[in-house]
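>>> give me coordinates for this.
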Amino acid sequence: MTTINDKLDIFRKLVYEQEEEKYKKALEDLDEKARNLIESKKLEIKKKKEDLAEREALLKETEKNKAILEKQQELKSKLLLKRKEILEDLLVSLQEKATNFTLTDEYNDAVIENISEVLLNIDDKELIITITEEDKEKLEKSILKLAKKYKKDISISTVPKSKIIGGFILTDKDRTYSIDNSYKTIIEENRYEIGKRLYKALEEAGDFQWKI
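Numbers count the residues shown, from 1 in each chain. Model (predicted):
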């Protein structure tokens, strides 16, 4: 026979078990949420680390590329400077060779021939031919013979050798035009072409290629 106390015990047991079940369920839910939160934080931290590593790698790559570009620009500037130095040395060498050529018999013949070609194509009768002081002593007679041949009235003026090296400058009497066949001018006027050929030769030789 079930007594009142027995009924109370049964009631308490049912209520306790129900509450215990609810408590366990609440703990399980809380534990699951905690695990999910921890896992989410782990993934978030991992993602941040990956993003940070990616940004650092990108920054390093950017800095590396910048350093490479700066190095390339530095080497390119040095290369251009070196090429200019070589060109200037070459032009000086050409001037020296031209100076040496003015001391030869071939030079005298070449200048007289060039003057003859110019006189043949000029209508003006009164002309001025400018040559070096040294050349006047060697070429004056030949120039005056050309004047007679082409029926020209030619005056000869002189300048220091440092001004023109060799060759001649021809002008009309009023100096309205000038034909400059001096060696110094010829070399300077051909500076660009000389430089272009020089640089091409250097590149083909591979002596001044810059690399990283």
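>>> and the helices in the protein?
Shown for the chain, the helices assigned by DSSP state H span residues 4-101, 105-120, 133-150, 161-164, 183-189, 191-205.
>>> now those as a markdown table including mean neighbour count?
For the C-beta atoms, the positions are set from N, CA and C on the backbone; glycine is no exception. Below are the helices of the chain laid out as a markdown table (neighbours: other C-beta atoms under 10 Å):
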| stretch | mean neighbour count |
| --- | --- |
| helix 4-101 | 11 |
| helix 105-120 | 15 |
| helix 133-150 | 15 |
| helix 161-164 | 16 |
| helix 183-189 | 17 |
| helix 191-205 | 12 |
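>>> quick one: which of those helices is nearest residue 173?
Evaluated with C-beta to C-beta, the helices of the chain place helix 133-150 nearest to residue 173, the distance being 13.2 Å.
>>> in PDB, list the C-alpha atoms belonging to that closest one.
What follows is helix 133-150, C-alpha atoms only, in PDB (Å, rounded to 0.1, in the frame of the first residue of the first chain):
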ATOM      1  CA  GLU A 133      98.200  79.800 -89.300                       C
ATOM      2  CA  GLU A 134     100.300  76.600 -89.900                       C
ATOM      3  CA  ASP A 135      98.200  75.700 -93.000                       C
ATOM      4  CA  LYS A 136      98.600  79.100 -94.600                       C
ATOM      5  CA  GLU A 137     102.300  78.600 -94.900                       C
ATOM      6  CA  LYS A 138     101.700  75.200 -96.600                       C
ATOM      7  CA  LEU A 139      98.600  75.800 -98.600                       C
ATOM      8  CA  GLU A 140      98.500  79.400 -99.600                       C
ATOM      9  CA  LYS A 141     100.100  79.000-103.000                       C
ATOM     10  CA  SER A 142      97.800  76.000-103.900                       C
ATOM     11  CA  ILE A 143      94.700  78.000-102.800                       C
ATOM     12  CA  LEU A 144      95.700  81.000-104.900                       C
ATOM     13  CA  LYS A 145      96.200  78.600-107.900                       C
ATOM     14  CA  LEU A 146      92.600  77.400-107.300                       C
ATOM     15  CA  ALA A 147      91.400  81.000-107.200                       C
ATOM     16  CA  LYS A 148      92.900  81.600-110.600                       C
ATOM     17  CA  LYS A 149      91.600  78.300-112.000                       C
ATOM     18  CA  TYR A 150      88.000  79.100-110.900                       C
END
